[in-house]
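>>> 3D model of this:
(one chain, ligands or ions: 1)
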Amino acid sequence: MRVDIITCLPEILKGPLDESIPGRARAKGLLDVHIHDLRDYAEGKHRQVDDYPFGGGAGMVLKPEPIFRCLEDISSEGDPIDEVVFMTPDGEVLDQPMANTLSLQKRLVLLAGHYKGVDQRVRDRLVTKEISIGDYVLSGGELAAMVLVDALARLLPGVLGDSSSALTDSFQDGLLDAPAYTRPAEFRGDAVPEVLTSGNHKRIDTWRDEQRITKTRERRPELLEHRDTQSD
Ligand code: ADE
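Sure thing, here's the model as predicted:
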């Protein structure tokens, strides 16, 4: 998968993409990330990427010209672009099914907004999908873009060592994960649940299923309702 990220704060994105799962995906050649500095596409001595909003109001708005130029440049090479995604708190909220669907695409462009937003003509003419990572406002779309890249990277075939582990995550079947333990079997007076050291895989599976349902009922009961309506 190739992901192009358009941003006016490229430095924020560089570190996290070299680490952990996205770093591993890139090292294995399964994920190709290109970061584009919007300022490189801005004109004038000050290479201005934003301007005051028409009609007044607080905050600055990202100008359309640098974004159009950048996207034209990006799309002139490589595979066709499947989606141009604008990261914004008023987008569709990211969940696991959306990440699964997007992970099947070959090429995505992510636009990280800043300041008060982006000129609406960019959203009308260029953007094909608008994604929020939750109902809170970040100071820019860069961290949201990172979250999306991380969620996608770990779904790409061959990225995780154990190919089944992405599919057994919390949310893949609409339930939260069961508690996990590792050695030592007893630590400061707390013992690992007996079933997990029993070697009886049928019992272990049953215990994990029960734990997942109990935890989901306690913490996210709406996920259980959603599951019930889906299986109807
Ligand atoms: N930019 C600012 N806040 C955001 C959010 N919650 N999701 C995606 N992009 C954002």
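
>>> For the rest of this, base every contact and every neighbour count on C-alpha atoms.
Will do.

>>> where does this structure come near the ligand, residue by residue?
87-89, 131-141, 144 (Cα under 6 Å from any ligand atom).

>>> Narrow those residues to those in helices?
residue 144 (DSSP state H).

>>> The residues of the chain next to the ligand: which two are farthest apart?
131 and 139 (15.3 Å; Cα to Cα).

>>> Comparing these two, which shows the higher neighbour count?
Shown here are residue 131 and residue 139; by other Cα atoms under 10 Å, residue 131 has more neighbours (22 against 11).

>>> what pairs with that one across the strands?
Beta-bridge pairing of residue 131 under DSSP bridges involves residue 92.

>>> Report whether the expected contact of it with residue 88 is present.
Yes: look at residue 131 against residue 88 with Cα atoms under 8 Å: they come within range, at 5.9 Å.

>>> and the residue nearest the centre of the chain, what is it in contact with?
Most central residue of the chain, judged by C-alpha distance to the mean C-alpha position with Cα atoms, centre = their mean, is residue 148 at 1.3 Å. Residue 148 sits next to 99, 133 when contact means Cα atoms under 8 Å, 6 or more residues apart in numbering.

>>> A helix includes it, no?
Yes: residue state for residue 148 (DSSP: H, G, I helix; E, B strand; the rest coil) corresponds to a helix.

>>> what's stretch 71-86 in contact with?
4, 105-113, 123, 126-131.

>>> Now with 6 Å, please.
107, 108, 109, 110, 111, 127, 128, 129, 130 (Cα atoms under 6 Å, 6 or more residues apart in numbering).

>>> How far off centre is it?
Distance, stretch centre to chain centre, for stretch 71-86: 18 Å (Cα atoms, centre = their mean, to the nearest Å).

>>> Next secondary structure element downstream of the longest helix along the chain?
Once the chain is assigned using DSSP H, the helix that runs over the most residues is helix 201-219. Counting by DSSP states H and E, the next helix or strand C-terminal to helix 201-219 is helix 221-231.

>>> Going along the chain, name the helices of the protein.
10-18, 20-27, 64-75, 96-102, 120-125, 142-153, 201-219, 221-231.

>>> Of those helices, flag the one that's most buried.
helix 142-153 (a mean of 22; mean count of other Cα atoms under 10 Å).

>>> Okay, angle between that one and helix 20-27 too, please.
70 degrees (axes from the mean of the first three to the mean of the last three Cα atoms, to 10 degrees).

>>> Now do helix 142-153 against helix 10-18, angle only.
20 degrees.

>>> Tell me the gap between the helix or strand of the chain with the lowest mean pLDDT and the middle of its chain.
Counting by mean pLDDT, DSSP states H and E, the chain has its least confident helix or strand at helix 221-231, which shows a mean of 81. Put simply, helix 221-231 sits 23 Å off its chain's centre (Cα atoms, centre = their mean).
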